[in-house]
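**Q** Quick one, structure for this:
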Amino acid sequence: MTKPDVPGETQTVDLPCGETVRATDLDLGMREFECACGDAHAVVMDVHPPERFLPDFLVDLLQETVETSSDEMPEFDTPHLLGVVLEEFPDHVAVADLSEDGDVGYALLWVTSFDARRLHEVVVELVIELMEHAVSHADDDAAIQEFEQQMVEFDVSTFVEQYRAERDIEADDVYGNA
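**A** Below is the predicted model:
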């Protein structure tokens, strides 16, 4: 939640840990910051692509298959991913609508009590849950069994480690650094 915009005064965001941060202290390249509380908090902005968390092919699949209820954001995107996180962990996510603040360069901001790596794992875990739910409605028992078998063999932590290492190789990618 943000404090009201007072002319000449920087908006602040109340964090899940109880601290506050000035919105202008969180720039577009930031994925995590060290808080005065002593913890690192993940930072996500609406301008960050969902590929920050998920491979291109999976983002494409989600955008093709997930129907959103938003007229403003009809395509599945980062705000939808963070909406799922917020729904599951409401006490761990601070959300700020900064669409009226031209000084920050983004409209929506999420800061979590999780560090960037843990948030990445949470996003992947929740997307898997969404996929499991969707597959469970399929009329194809073989497809359901195949998906379940693949999930038994899938390790979220290993995937996140490998995906983050692969993304970090691309130094030119401003959105892929955490």
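**Q** tell me which residues in the helix or strand bottoming out on mean pLDDT in the chain are buried?
**A** Ranked by mean pLDDT, DSSP states H and E, the helix or strand of the chain with the weakest confidence is helix 141-153, at a mean of 82. Burial within helix 141-153, assessed by neighbour count using 16 or more other Cβ atoms under 10 Å, is assigned to F147. Placement of C-beta: from N, CA and C, glycine included.
**Q** can you check stretch 117-126 too?
**A** Neighbour counts over stretch 117-126 (16+ other Cβ under 10 Å) mark 117, 119-124, 126 as buried.
**Q** which among those gets closest to L26?
**A** L119 (14.6 Å; Cβ to Cβ).
**Q** That closest one touches T112, doesn't it?
**A** Yes. The pair L119 / T112 is scored as a contact, 5.2 Å apart, by Cβ atoms under 8 Å.
**Q** Quick check: neighbours shared by the two?
**A** Residues touching both L119 and T112 by Cβ atoms under 8 Å, 6 or more residues apart in numbering: 42, 44, 85.
**Q** Select only the buried ones of those residues in PyMOL?
**A** Those of the shared contacts of L119 and T112 that count as buried under 16+ other Cβ under 10 Å are selected in PyMOL with:
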select buried, resi 42+44+85
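**Q** Okay, and which of the shared contacts of L119 and T112 map to helices?
**A** Counting by DSSP state H, the shared contacts of L119 and T112 place V85 in helices.
**Q** Turn the shared contacts of L119 and T112 into CSV, columns for pLDDT.
**A** Formatted as CSV, the shared contacts of L119 and T112 follow (pLDDT from 0 to 100):
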residue, pLDDT
A42, 97
V44, 97
V85, 97
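**Q** Kindly present the shared contacts of L119 and T112 as TSV, with separate columns for distance to V160.
**A** Putting the shared contacts of L119 and T112 into TSV (distance: Cβ to Cβ, whole Å) gives the following:
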residue	distance to V160
A42	13
V44	15
V85	14
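**Q** Name the nearest residue to E34, ignoring sequence neighbours.
**A** A40 (5.5 Å; Cβ to Cβ, 6 or more residues apart in numbering).
**Q** how about the helices of the chain, start to end?
**A** All helices of the chain, identified by DSSP H, fall at 56-65, 78-88, 116-136, 141-153, 156-169.
**Q** To M30, which of those lies closest?
**A** That would be helix 116-136 among the helices of the chain, by Cβ to Cβ, at 9.6 Å.
**Q** Leaving out the residues flanking it, which one is nearest to the spatially most central residue of the chain?
**A** Nearest to the mean C-alpha position of the chain, counting by Cα atoms, centre = their mean, stands L82 at 4.5 Å. Distances taken as Cβ to Cβ, 6+ apart place W110 nearest to L82, at 4.7 Å, with adjacent residues excluded.
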